[in-house]
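Novice: got a sequence here, can you model it:
(chains A, B, C and D, ligands or ions: 4)
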Amino acid sequence: MLVILCPYCGVEAEETELTAGGEAHLERFGPSSSDSEFENYLFMRKNEKGITFERWHHTYGCGKWFHAARCSMTMEIFGTYPAQTSKPPKKLISMIKKKRPEWGEGK
Amino acid sequence: MRKYSVAAIVREALRYNAGWERAWRSPEPKKQYDAVIIGAGGHGLATAYYLGKNHGIKNVAIIEKGWLGGGNTGRNTTIIRSNYLQDSSAAIYEKARSLYETLSQELNYNVMFSPRGVMMLAQTEHEIRGYRRTAHANNLQGVETEFIDPKTVKKLCPIIELSGPRFPVLGALWQPRGGTARHDAVAWGYARACSDMGMDIIQKCEVTDILKSNGKVVGVETTKGVIKTHNLGIIVAGNSSILAEKAGFRLPIESVSLQALVSEPVKPCMDVVVMANTVHGYMSQSDKGEMVIGGGTDGFNNYTQRGSFHHIEETVRALIETFPIISRLKMLRQWGGVVDVTGDRSPIISKTPLEGCFINCGWGTGGFKAIPGSGWAMAETMANGSPSQLASAFSLDRFREGRFIDESVAAGVAH
Amino acid sequence: MSDYNNSIETFFYKGEITVELSKPKGMITLKGDLERSNINAGVIKTLELPMPKVRTISRKDGVQISWMAPDELLILVDFKKVEKYIELLEKNLKGEHYLLANVSDARAIFNLKGKGVREVLSKGTPVNMETIKIDDARRSRLGQLPVAFWMVKNTEVELVCFRSVTEFIFNWLKVASAPNSLPRYID
Amino acid sequence: MSSRLSTGGKLIDRSLSKEFMFNGRRLKGFEGDTLASALLANDQVMVGRSFKYHRPRGIVASGSEEPNALMETGSGSKLEPNQRATTTKLFDGMRVKSQNHWPTLEFDLGAINSTFSKFFPAGFYYKTFIHPRFAWKYLFEPIIRKAAGLGNAPKEKDCDTYEYFYAHVDLLIIGGGIAGLAAASSAVKSGLKVLIVEQNDYWGGRAIVDEINIENGSGSDWIYQQVKSLSNEKNVNLRLNMMAAGVYDHGYVLLHETLTDGSNKKMELRQRLWRVRAKQTIVATGAIERPLAFAGNDLPGVMLASAVRDYLVNFGVSCGDRTVIVTNNDDAYRTAILMKNAGLEVPCIIDARPSVSESLSKQVQSLGIKILTGKAVSTVTGSKRVEGVAICSHAGSGEVLETVACDCVAMSGGWSPVVHLWSHCGGKLEWDKKNYMFKPDLTSAPLGANGEGMLTVAGTANGFLISRDVLSDGYTKSKEIIKALTGKVPKISMEKAHSGDESEILPVWFMPQGATRKLKSKTWLDFQNDVKVSDVELAAQEGFESVEHTKRYTTLGMATDQGKLSNINGLAVLSNSLNVSIPDVGTTTFRPPFQPISLGAIAGEARHELFKPIRKTSIHNWINANGGVWEPVADWRRPFCFQRNGESIKEAVEREIVNTRTNCGILDASTLGKILVKGPDAARFLDMIYTNVMSNLKVGKCRYGLMCSENGFLSDDGVVARLSDDSYLCHTTSGGSDRIHAHMEEWLQTEWWDWKVYTLNLTEQFSQIAIVGPKARQLIEKMGVDGLDLSPEGLPFMGFSEGFIAGISVRIFRISFSGELSYEIAVPALKAQEFWDLALISGEEFEVMPYGTEALHVMRAEKGFIMIGDETDGTVIPQDLGLDWAISKKKEDFIGKRAQMRSFMKSENRWKLVGLKTIDPSVVLPDGCYAVDGESNSYGHKNMIGRVTSSYFSPTLERSIALALVENGPDRMNEILNFPNLDGSVTKAAICDPVFFDKEGKNQNV
Ligand SMILES: Cc1cc2nc3c(=O)[nH]c(=O)nc-3n(C[C@H](O)[C@H](O)[C@H](O)COP(=O)(O)OP(=O)(O)OC[C@H]3O[C@@H](n4cnc5c(N)ncnc54)[C@H](O)[C@@H]3O)c2cc1C
Ligand SMILES: NC(=O)c1ccc[n+]([C@@H]2O[C@H](COP(=O)([O-])OP(=O)(O)OC[C@H]3O[C@@H](n4cnc5c(N)ncnc54)[C@H](O)[C@@H]3O)[C@@H](O)[C@H]2O)c1
Ligand SMILES: Cc1cc2nc3c(=O)[nH]c(=O)nc-3n(C[C@H](O)[C@H](O)[C@H](O)COP(=O)(O)O)c2cc1C
Ligand SMILES: [Zn+2]
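Specialist: Ligands and ions are numbered 1, 2, ... in the order given. Model (predicted):
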């Protein structure tokens, strides 16, 4: 039963107020892409056992999408940030590296 | 292998059971095998069994990081049915179901397959239409199902409340020879038979890397050393993405936690398996008397075998609404399993970009029922190096081609 | 006229707290970049109220602005004056990118009064009701439904839900405020 | 015999006596009794039968660890099986029955299993019942099921209610023993919000019974003072009858509060499930005494030594006149001393240890109690209850040295900390080599959201057995947590408990050490599930080496007590058989709940009418009162039809259709989604959302649009109206409004966040009322229009305008889903009923009639219009439905476009939309039936070449019609297809155009 901070409204939202939205920072591939680019974009997932960057929606709240860095083994939340970005904030990355030196970013 | 029988039990009882042999050996791994299977869940063990039995490949190792049968095979709600809609699904699940019918005899191990009947309640007009459609498809696929009216529902399962205030029961899709089996026994029965064929089941041994050379698999690295093989099957359910990554490819899979719970045991009060998809709940009663209840999946990746409690609440609400008498029964235990869910919620039995490496995964929330059929098809695929007829539709390329096998369409869920 | 008009039905219950469906209020949703000074100014000018801070309301004389999201306000005015306010807002927001809509009919407001109001809501919302102060506003869920509420007095809350579920929310509140059903945990 | 003593009993009030019935016998107890203490007070020693062998079972314990005393309580809508007598409060008039026997508790036919138990060792059923195959379902399985299963399920609906409560605390303390209370008192001055909960209905835990000294007073006084002063603190909340059931991620703890004792016959609020969010939690749940494993230890009268003490001290109940103590540690001596001091006989203490400390032995011997060191129980004698013990050397194989008569055996195998809650969410355990028990490994705590430990353990639960250490650990752990939470070390005086040291425990898991196989097969580990030492050994012998295998093979620890008493002994036996250390064997997984909790409590308030919300339109109540036959549509209810007196549903539907096509129909279409999309980039955005072009739609005009998922499949459809240059109103299906609004927001926020667009779901702001049929225009005009020109030119097909009808402000769309002249009128929801009423009054002369969803569906099918959910099922692309015209070729991109370029989507052989006419026009094709071509496919199934998606009898055409998806359908016009029915017959139907009625659109373009 997770609690995640919504970076928009500052609410420590409970999981039941949120909707999980899968892997974050997927790059959209449109009509000019190849079959395998499109397949990758739509289906292939990192499904990380460890630190994952993922999307959340504050459904029962401000209605905004945001991103969270979470460990799928311990449920630790390293941080959240607005969805209007194509990569995680640098500060967050270096914080994670400090906490988990063995972590290999962006596999 | 010592044959199990009443006579053997009596004989042993008289000498305080001193003579029973091990059900399976626990050998140290050899250096090389003709085939190696990663994952001693039901699917891995069944694959090994049919490799030996159907294809004569017996120099096989099954490598398990924990204890055999301890993955989802050991934690599922044991529903067996084959009333699927799409041809490819109906074919493999019905193959599995029919193998289940005689599995106890074949393995000389009572897996307690109990064809008590599975009913899927229709609680909206839309669901009625969906299930009628499935009944029609099943009729053509040779899967015995029928659409039954509320009266029959009540007769088969008297504890159902037909006129719930929210979603009355309007009928059901009924598969009389669907049912349940003793999940652990399925793994144990296959394991015993594999061991008896000379296969090595190596427990407490984790595969840590997949060794390749020139685009071909040559072996695996494990916590008990390197094991060589040119024929590798990855059959690790919730851990599929991790091993695929080691093999050098990605999968259309997400690992999420699926939960279940059991009530305290009570005397028999429910003789069939009931699934109520509109309200999201399913339940059956085990031979020991617990009500076995399946919950929902988390929406996020989760490798913990725990889940969020609100899924349990939602499920229990739905079931009390459907079976009001259970309100005063108590939950005895709840748990979770890490299930591997694909982009179209159908499984993958396939060759992979790595030559000699095959994968069987994506059974998600509903692969227990498929174990014998999946093992059969996977063994054939591994033995021939190309997909078997039963497996061909479940290949990895279907996602690229847009050739999905979507079962959710007819108001179905996948347990 | 027929008696079936559920939109103006009366809902009233007195248990541990008093639950009452309020008379229809004028409600306007404004979406826009609240950080933009022009939008800010337009709102302040029209309603003669300060902008509410994050997760609060600002109110005076029957007019209220409730913070709903970083780009969304819910403005409450007299039911009959909605169109007038919309017109005014449109005038004062001219040239800006925004969305304005009358949502008075889309929502129902319940007035909840009594010492136990925090406990009643705590039966259904994960919000920490102990920390909710006067003029705080929250969007969350109550049981299975989305709601928004704000504290108008220490013992009084206004709760907004979708109109189609008015009856369900009322029944829920009724059950939750049944006599002797409070845990007496929050004082 | 067990009996009530004339004095004593800290928890009972002898002035309030209570009568209750057990198996039809009228018995007496007192206020404060548990059901178990009251039964023992009445010499009811046998209280049930075991699960597998139906062996006689007596009360073993005094708390939630009790495996045997499970009863049926209540009746009718309050019946509850498997109630644990040790945690059930007695009330006046209580009716209780024992379980799992037939015909009676004393004489149970099922006990034949016990006679043959030899033949039912662990896992026997896997080895048998294999042949003949069919016998399993019809013979073996029913017998096994009947024999198992404990109590009976209720037959009636539960009449009681339940609820949830959310609480947010800084510090949650679980357990109200001395450790928990000390922890709470440390936190008083911290300003932290503290909640301390205790499952019992009294504070103090074990210290009440095992009178200890704290500072200069008794433990009981100390507890009383602590509770009193804590109750006055504003920041501390104390709660009894509250059991911590489970610990979940991010500090979520489930607490189960019992609100009633069940004595009330009427409906009542019975239990409350607390969902606590705690920043930190201290688990101070104490320890559970372990039984000892010896032959016959399952006979009624063999009890935990601590329980015997509890019954004596708390309830004034003697569990036996002559009690033999069997132990491997000092603690059980307390029981001996107390019993003796109460005037009861204690013939001897059988201590497996070679020696006992001098002071203890002196003390005991001075009371006249014999200590037999180095001895063990060979077997307990008696059949339905203890009659004596046969004593042997612990070192030997069980040779009997002497037999001592007794009626109670009090056993103690040491203590196991209650680590369940610590373990639920990932806390690890370590093996305490001194006290031979698993205790929390505080360096591996369950982690909270910030990756730091969220739980700690204090007192006995943390492995401290002596009250001096327990108390100080309570203070210390609390101080550490307070420091972590506030940054300040609380200044408090840590009060001290005084207790002498105890001598070491001897690890004894079964006795005697060299017990024969025969003895082991009578030595119980799990009393409820009938698992014996021999079963665990057999599992190990057969290769079930993992503790998880052993558990599942033998069912050890899987009963309703979840092995609280049996697990550790079982592990030890397994480790012994495998010749590995106990920590290497490890434990099985601890899972919630700590004690079973009712499903009712888990469901909470969401039952009956509160089960799931129903959304109601403004017209709902009118429909309800006017013959509407409801059908759930998403969370809404919509009328399937309006049934009149004496009319069948089919007749009603036909009447509605015919009337709408000939006169005028009125429909509540309010459930349709209405999403406002506004902004400079709105047009560009909708071009991405819809498959068709929306940017070139003229202001004041409507266009039918399709939406696909990114995976290419058709997901929703509806009419889009352009309200102004920068704003659109998008209509969705009833089920689609929330989903599509969310879909739009998702794309806007996460992909095109720099586009200037806002969206708002206005579905509920407007009710939508459709007035349909040849007389529709006349009707509306009669209502009185203002600012609206309803003429064909003024408001042409696919146009809309705004104005007033009957004084009500409306937006009126000329769109048609029926093929008739049709106006969909959006009115403010609060005005909708008034509008509806006025339309019906004005419409009287035009014979207006309300119609329902079925008439709507039939009429749209007559016109060949698709329905999302009927013609689509998540696998259908617009191209399959002949909707290519709605897919822009010009647009570079839209959601779903790339997906539709994949090979399978472009395949020649896709199933495409056609109409079907049965050869016999009176025969309606069954819903969902398939067409076959007489061949077999590669699986050996009959080859399917198409399927029916909608099928109706059309009263308009007076024949059956159907829509279908057929392989290459449009190229096979007039071909006759075969549709096999479930009864073996075949319906023949010819492929035709999907538009059955008014293809040119004469009716709607007027
Ligand atoms: C709660 C729940 C309820 C369910 N209910 C049903 C149901 O009612 N009906 C139904 O049909 N299905 C159901 N399922 C699904 C079903 O359980 C699974 O689909 C099926 O058991 C999968 O079997 P498997 O052999 O593929 O995987 P598993 O049984 O999970 O086996 C995979 C094995 O691989 C091992 N492994 C992983 N990584 C490695 C490695 N690196 N090295 C070595 N070994 C490794 C694991 O330890 C594990 O033992 C349910 C699942 C759950 C969780
Ligand atoms: N010498 C020994 O062998 C020995 C062994 C055990 C205990 N003791 C003595 O017992 C006392 C132990 O004190 P303590 O405070 O650590 O433990 P305790 O057993 O006295 O108190 C623990 C309390 O927690 C409650 N509890 C347990 N699980 C709960 C749950 N899930 N939810 C709510 N409540 C729950 C219990 O009902 C109990 O009241 C000390 O005096 C100690 O010396 C001695
Ligand atoms: C069909 C089925 C029935 C079960 N019945 C019981 C039961 O009667 N008692 C019990 O303690 N656990 C029961 N379990 C749960 C297991 O104890 C265990 O929780 C589950 O297999 C998951 O393993 P884990 O909890 O060790 O992770 C059952 C599990 C399944 C799949
Ligand atoms: Zn938010």
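
Novice: biggest strand in chain C by residues?
Specialist: strand C:145-153 (DSSP state E).

Novice: for that strand, packing partners?
Specialist: strand C:63-69, strand C:137-142, strand C:156-162, helix C:166-176 (3 or more CB pairs under 8 Å, 6 or more residues apart in numbering or on different chains; DSSP states H and E). Where C-beta positions appear, they are placed from N, C-alpha and C, glycine not excepted.

Novice: any chance of those in TSV, with distance to residue D:365, mean pLDDT and mean neighbour count too?
Specialist: Shown next, in TSV, are those (distance: least, CB to CB, whole Å; pLDDT from 0 to 100; neighbours: other CB atoms under 10 Å in any protein chain shown):
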stretch	distance to residue D:365	mean pLDDT	mean neighbour count
strand C:63-69	78	98	23
strand C:137-142	67	98	23
strand C:156-162	70	98	22
helix C:166-176	63	97	23
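
Novice: tell me the domain ranges of chain B?
Specialist: B:24-78+B:183-252+B:346-410, B:111-179+B:255-342 (automatic domain parsing).

Novice: and the closest residue to residue B:199 other than its chain neighbours, how many neighbours?
Specialist: Sequence neighbours aside, residue B:60 is the residue nearest to residue B:199 in space, at 4.5 Å (criterion: CB to CB, 6 or more residues apart in numbering or on different chains). Residue B:60 is flanked by 26 other residues according to other CB atoms under 10 Å in any protein chain shown.

Novice: just the pLDDT at residue D:111, thanks.
Specialist: pLDDT recorded at residue D:111 is 87.

Novice: that one and residue D:50 touch, don't they?
Specialist: No. Residue D:111 is beyond contact range of residue D:50, at 9.5 Å (criterion: CB atoms under 8 Å).

Novice: quick one: the strands in the stretch 51-200 of chain B?
Specialist: Residue ranges of the strands in the stretch 51-200 of chain B, as given by DSSP state E, counting those that start in this stretch, are B:60-63, B:79-80, B:118-122, B:146-148, B:171-175, B:179-180, B:200-202.

Novice: hmm, who's touching the last one?
Specialist: Put plainly, it is strand B:200-202. Contacting residues not belonging to strand B:200-202 are listed as B:24-30, B:33, B:40, B:45, B:60-64, B:68, B:191, B:194-195, B:222, B:224 [CB atoms under 8 Å, 6 or more residues apart in numbering or on different chains].

Novice: picking that back up, residues touching the residue nearest to residue B:199, list them.
Specialist: Counted by CB under 8 Å, 6+ apart, residue B:60 has contacts B:33, B:34, B:35, B:36, B:37, B:48, B:51, B:52, B:194, B:199, B:200.

Novice: and residue B:394, by the same measure?
Specialist: So residue B:394 contacts B:88, B:92, B:346, B:347, B:348, B:349, B:350, B:387, B:405 (CB under 8 Å, 6+ apart).

Novice: what sits closest to the third one if chain neighbours are left out?
Specialist: Distances taken as CB to CB, 6+ apart place residue B:405 nearest to residue B:346, at 3.9 Å, with adjacent residues excluded.

Novice: related to what we said a few turns ago, dump the helices and strands packed on strand C:145-153 into JSON lines; add distance to residue D:290 as well.
Specialist: JSON lines is the format used below for these (distance: least, CB to CB, whole Å):
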{"stretch": "strand C:63-69", "distance to residue D:290": "57"}
{"stretch": "strand C:137-142", "distance to residue D:290": "45"}
{"stretch": "strand C:156-162", "distance to residue D:290": "52"}
{"stretch": "helix C:166-176", "distance to residue D:290": "44"}
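
Novice: quick one: average confidence on the helix or strand hosting residue D:538?
Specialist: Residue D:538 is located in helix D:533-541, with elements delineated by DSSP states H and E. Mean pLDDT, helix D:533-541: 97.

Novice: quick one: list the elements packing against the helix or strand just after it.
Specialist: Per DSSP H and E, helix D:533-541 leads on to helix D:547-554 as the next helix or strand towards the C-terminus. The elements that helix D:547-554 packs onto, with contact taken as 3+ CB pairs under 8 Å, 6+ apart, are helix D:533-541, helix D:567-578.

Novice: deepest of the ones you listed, which one?
Specialist: helix D:533-541 (a mean of 27; mean count of other CB atoms under 10 Å in any protein chain shown).

Novice: give me the angle between that helix and helix D:567-578.
Specialist: 50 degrees (axes from the mean of the first three to the mean of the last three CA atoms, to 10 degrees).

Novice: can you pull out the low-pLDDT segments for the chain?
Specialist: No chain in the question, so chain A it is. Across chain A, residues meeting the criterion (pLDDT under 70) sit at A:105-107.

Novice: um, chain D though
Specialist: Checking chain D against pLDDT under 70 turns up nothing.

Novice: buried stuff in stretch D:262-272?
Specialist: Within stretch D:262-272, the residues scored as buried using 16 or more other CB atoms under 10 Å in any protein chain shown are D:262, D:268, D:269, D:270, D:271, D:272.
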